[in-house]
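In: Sharing a sequence plus its predicted fold:
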2 protein chains.
Amino acid sequence: MVKFGVDVGGTTIKIGLFSMDGDLIEKEEIVTDKSDHGSHILDDIAQALDRILSAHHLSGLDCAGVGMGLPGPVTEKGEVLGCVNLGWGTFSVEEEFSKKFHNLPVKAGNDANVAALGELRYGAGKGSRNMVMITLGTGVGGGIISGGRIIMGANGAGGEIGHMPVEESEEEICSCGKRGCLEQYASATGIVRMARKMGFSSSKLDFTAKDVFDAAKKGDETALDAVECLGKYLGIAMASVASVVNPDCMVLGGGVSKAGDILVHTVEKHFQTRVFRPCSNVEFRIASLGNDGGIYGAAELIDSK
Amino acid sequence: MVKFGVDVGGTTIKIGLFSMDGDLIEKEEIVTDKSDHGSHILDDIAQALDRILSAHHLSGLDCAGVGMGLPGPVTEKGEVLGCVNLGWGTFSVEEEFSKKFHNLPVKAGNDANVAALGELRYGAGKGSRNMVMITLGTGVGGGIISGGRIIMGANGAGGEIGHMPVEESEEEICSCGKRGCLEQYASATGIVRMARKMGFSSSKLDFTAKDVFDAAKKGDETALDAVECLGKYLGIAMASVASVVNPDCMVLGGGVSKAGDILVHTVEKHFQTRVFRPCSNVEFRIASLGNDGGIYGAAELIDSK
């Protein structure tokens, strides 16, 4: 038997064919067709999966099911509550996709939560049952595992740590409409914003988060201040999260996490000065599955039921 | 068949005899004997339970098991990691108590978490599967239910929201050794501290949290400011918690919660201005089981496995 892990993004859809033990057999990527309110997406995926099965001389009978990560809130019942990126409204992806694909079991989850599950089982969180994954990209996303299970929440918005309030005095408005969210400091966009505010100068007019970290590694004081600022707010937020879920492991992923040690050490320092002692036994690690976290985690949904 | 719910506190031990449907048949309280490092406590409980069973013409054969709430961290495996209030070190309460009580199934949990489970099933959280309980007493405690299950965490310290960092500029030190914890503002001690700082004057030299709320209800401006301050920090902290676990219900318990509407309204106002919109659909309620939450929740542990 085999199973699929599908990571549906706004630009591409990543598909992984897995053994039941979670070994990746084959990986493929198709383009996301968002036309007609994304109504072709599920058909495109079903076709791709069938193509992959036949290439391996397999059929629907050999497949245990399909796990899916989706870019929006997904309820415990497998209903998406709108995926703006795909043009989708509210409907049961699990039921719909099952009809299109041999009536096989389908399990859906939020992409950040599913990626966290991937890191937990096969990546940086291996061995943990209580893990927080923080994705530092253009925005800040998160996925939290408690007692081995994803925290989904009442309407699929569990682990949305990017919009935790961390600064009462912030004057600029966040993408979500509030002020002082974690994302305004700890995302790629956030560190660039803060570095610019602090007067960081680069040879490039449009410098990136990587430029700030590179300059910090070379000892640039303004860049170091910007990294310190990111670390401070991420440390505060993670100290709060630790009080809530008491994890033993925090995994940093996304583009910004490529900064590596300097990021881990700065966050850890600020975390440790603010966390409640009984919740302080936390190891910070860099995510190890990269872009494949989503397909690994999605495939894992098929075992978890 | 019957089952027991036992709430072990530093002063008294509350015992409830329940039907398997969770109806309270009888309630009793015994004094906590903390002498000899609390080594008599489990024997005292076993004797009391046997006495209650015989009074109802029942024996160990009629009992499905015993659930226990304990004043300290309890791991998923039912091991207590020290209960300072009882003089206990680290050991498996479940195994020990089972030996003393007819080898029946025993399930232990942290008292705040167990009380949250009680409110979820029989109290203010009825119908919810994603609930946060905040106990505002001398300190601030918490218990969080996600997907119907208690968030226990890696070492039993899940839901310890009293020591979330909420104010970077605080100069006084919290009981935990840090500065700027939620408990420093939102506990009974916290609101008295802040009211005093703001210059609140009362006919009593040693005024209480109740005095501050009573004055606020009568329109005293300084008292209103102190209530506003409590509401602000609790609102900030709960906005963070909501991003993490996306609950549909927050239950306020403990002595301070007797303040009622003024408390709920103030917290709700500050929560709503800071919470991430997809996590904002939260109802604030006052706990309804009072001191019995612990025994109700403890008894519920026997069904949950």
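Out: On my side now, so go ahead. Numbering: from 1, shown residues only, chains lettered A, B, ... in the order given.

In: Looking at chain A, which helix is longest?
Out: Longest helix of chain A, by residue count under DSSP state H: helix A:221-245.

In: just checking, what packs against that helix?
Out: strand A:131-136, strand A:140-146, helix A:183-186, helix A:188-197, helix A:209-217, helix A:261-274, helix B:221-245 (3 or more Cβ pairs under 8 Å, 6 or more residues apart in numbering or on different chains; DSSP states H and E). To be clear about C-beta, it is placed using only N, CA and C from the backbone, and glycine gets the same treatment.

In: tell me which parts of the stretch 1-150 of chain A are close to chain B?
Out: Within the stretch 1-150 of chain A, the positions near chain B by Cβ under 8 Å from any Cβ of the partner chain are A:73, A:76, A:128-130, A:144, A:146-147, A:149.

In: which SS state does residue A:17 fall under?
Out: Using DSSP: H, G, I helix; E, B strand; the rest coil as the criterion, the local structure at residue A:17 reads strand.

In: Please tell me I have it right and it contacts residue A:50.
Out: No. With contacts counted by Cβ atoms under 8 Å, residue A:17 stays clear of residue A:50, the gap being 11.7 Å.

In: So the two - more neighbours on which side?
Out: Counted by other Cβ atoms under 10 Å in any protein chain shown, residue A:17 and residue A:50 do not tie: residue A:17 has more neighbours, with 23 against 17.

In: From the residues of the stretch 1-150 of chain A next to chain B, list just the buried residues.
Out: Among the residues of the stretch 1-150 of chain A next to chain B, those classed as buried by neighbour count (16 or more other Cβ atoms under 10 Å in any protein chain shown) are A:73, A:76, A:128-130, A:144, A:146-147.

In: Same list (these) but as JSON lines, adding distance to residue A:63 and pLDDT.
Out: Output for those, formatted as JSON lines (distance: Cβ to Cβ, whole Å; pLDDT from 0 to 100):
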{"residue": "A:73", "distance to residue A:63": "27", "pLDDT": "87"}
{"residue": "A:76", "distance to residue A:63": "24", "pLDDT": "85"}
{"residue": "A:128", "distance to residue A:63": "29", "pLDDT": "96"}
{"residue": "A:129", "distance to residue A:63": "28", "pLDDT": "96"}
{"residue": "A:130", "distance to residue A:63": "32", "pLDDT": "97"}
{"residue": "A:144", "distance to residue A:63": "29", "pLDDT": "97"}
{"residue": "A:146", "distance to residue A:63": "30", "pLDDT": "97"}
{"residue": "A:147", "distance to residue A:63": "29", "pLDDT": "94"}
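
In: who are the neighbours in contact with residue A:188?
Out: Contacts for residue A:188 (Cβ atoms under 8 Å, 6 or more residues apart in numbering or on different chains) come out as A:136-138, A:208-209, A:254-256.

In: State the distance from the closest residue to it other than its chain neighbours to chain B.
Out: Once flanking residues are discounted, residue A:188 sits nearest to residue A:209: 3.9 Å by Cβ to Cβ, 6 or more residues apart in numbering or on different chains. With the distance defined as Cβ to the nearest Cβ, to the nearest Å, residue A:209 ends up 22 Å from chain B.

In: Confirm for me that residue A:209 is in contact with residue A:258.
Out: No. If you go by Cβ under 8 Å, residue A:209 and residue A:258 don't touch, sitting 9.1 Å apart.

In: Compare neighbour counts for those two and give me the winner.
Out: residue A:209 (24 against 16).

In: what pLDDT does the more buried one get?
Out: At residue A:209, the pLDDT value in this model is 96.

In: Quick one: residues contacting it.
Out: Residue A:209 touches A:188-189, A:191-192, A:255-256, A:259, counting by Cβ under 8 Å, 6+ apart.

In: Surely residue A:202 touches residue A:213?
Out: No. Under the criterion of Cβ under 8 Å, residue A:202 makes no contact with residue A:213, lying 11.7 Å away.

In: Between the two, which has more neighbouring residues?
Out: Taking other Cβ under 10 Å, residue A:202 and residue A:213 do not tie; residue A:213 has more neighbours (22 against 18).
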